[in-house]
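Asker: Sharing a model that was predicted from the sequence below.
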Amino acid sequence: MPVPAIPNWMYELLDEQVLKRIKLLEDESNKLREDSDKLREEGEKLREDSDKLREDNDKLREKIKDLETILPTRYLENVEKSSVKILDAAFAGVGVGFYISPTKVISCSHNFPNLKGLSLTEAKLLSFWCENFEGTRMGLRLLGFSDENDYDVVIFDGDQSSFFLSIGTPRQDMSRLAITSFGISIAKAIDNTAIISEHHTVIQATLFKISPHHIVYSSNLFSGDSGGAVICSANGEVIAIHQETVNEANEKLEDSDVTAHKLNASINSLVSGLSQGFIGLRLDSDIVVKLIANS
């Protein structure tokens, strides 16, 4: 029996289906090519991002290395949690203080202008405030002070603290120092010379000279840093309390109201020939040791 002939319309239908299939394959091929190009672009971007992350990581590692020279991280928590921000009557920050024992807080007398001319009995009737490392406000009870024209130091009884700084003795080989501050917005502009946390910062300093009662150092400090702890970066001990600039000390020496002979001799031996820098009162000096012991 002869095979029936395939109608032309079937050939046309088959050709149409084949063409549709070819078109579909071409579309899929084009899409795969587009996806492949897109994946290649994304891969290149990922490589670029990876290279940037690697560069950023290297920079961060270098920065951490630099910051470790300011204050090793093993001391940072204790330094931060030992520090308090001194507040004025309107609860605005005016200076820095820090714990030197579980209950005693030390700062500069000039952070409290209302102490001027008062006896200790009169001064104890005043209210004093600070903020701890968490930003919590707390009252301070005055224990003792030395007038700002004398040794410019004040001792308070603060809330019980598990964190305080051990007092050490400055030596000339302690060249690397760190100073506590709450000038966070200013410190952020000081590249690689400050460690910054949420409420607190530690600023790099370099020791210049030592006298029996004071030390001189260079740093990037600002108004409001008075009373900050001057810390030896090598061992985490506080060796002085930050007080004033060299220029302010020179002006004080010229003030006829300043009569403390030991103070004059100690500061004069430091600032002679200096036009810049900062002065800190040694916490191991006899007057401070006596004040702490009697407070």
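Answerer: The structure has been received and is ready for your questions.
Asker: rest of the way, CA atoms for contacts and neighbours
Answerer: Will do.
Asker: Roughly how far does Ser29 sit from Arg21?
Answerer: Distance of Ser29 to Arg21, given as Cα to Cα, to the nearest Å: 12 Å.
Asker: Confidence-wise, which helix or strand of the protein is lowest on average?
Answerer: helix 261-271 (a mean of 56; mean pLDDT, DSSP states H and E).
Asker: Please state the backbone phi and psi of Gly93?
Answerer: As for Gly93, its main-chain torsions (degrees, to the nearest 10) stand at phi -70, psi 130.
Asker: Repeat that for Arg54.
Answerer: Dihedral angles (degrees, to the nearest 10) for Arg54: phi -70, psi -40.
Asker: Report how many residues lie close to it.
Answerer: By the criterion of other Cα atoms under 10 Å, Arg54 has 12 neighbours.
Asker: if I look at the residue nearest to Gly135 when sequence neighbours are not counted, how far off is Asn132?
Answerer: In this structure, Gly135 finds its nearest non-sequential neighbour in His199, 7.0 Å apart by Cα to Cα, 6 or more residues apart in numbering. Per Cα to Cα, His199 is found 9 Å from Asn132.
Asker: next one: Asn294
Answerer: Relative to Asn132, Asn294 is positioned 25 Å away (Cα to Cα).
Asker: Between these two, point out the one with more neighbours.
Answerer: Neighbour totals were compared for Asn294 and Asn132, and Asn132 leads with 21 against 9 (other Cα under 10 Å).
Asker: Look at that one and report its pLDDT.
Answerer: Listed pLDDT for Asn132 reads 89.
Asker: looking at it, Ile167 is touching Ile241, isn't it?
Answerer: No. If you go by Cα atoms under 8 Å, Ile167 and Ile241 don't touch, sitting 10.5 Å apart.
Asker: what touches both of the two?
Answerer: Both Ile167 and Ile241 are contacted by Leu283, under the criterion Cα atoms under 8 Å, 6 or more residues apart in numbering.
Asker: between those two, who's got more neighbours?
Answerer: Neighbour tally, Ile167 and Ile241, criterion other Cα under 10 Å: the higher count belongs to Ile241, 29 against 17.
Asker: I'd assumed the more buried one was in a strand, is it?
Answerer: Yes. Under DSSP: H, G, I helix; E, B strand; the rest coil, Ile241 falls within a strand.
Asker: pretty sure it contacts Val230?
Answerer: Yes. Assessed by Cα under 8 Å, Ile241 is found in contact with Val230 at 5.6 Å.
Asker: Now the common contact residues for these two.
Answerer: Residues touching both Ile241 and Val230 (Cα under 8 Å, 6+ apart) are Gly280.
Asker: Tell me where the stretch 151-295 of the chain has strands.
Answerer: Taking DSSP state E, counting those that start in this stretch to define them, one finds strands in the stretch 151-295 of the chain at 153-157, 176-181, 194-196, 201-210, 214-219, 229-232, 238-245, 278-282.
Asker: Identify, out of these, the most deeply packed stretch.
Answerer: Stretch with highest mean neighbour count among these: strand 229-232 (a mean of 30; mean count of other Cα atoms under 10 Å).
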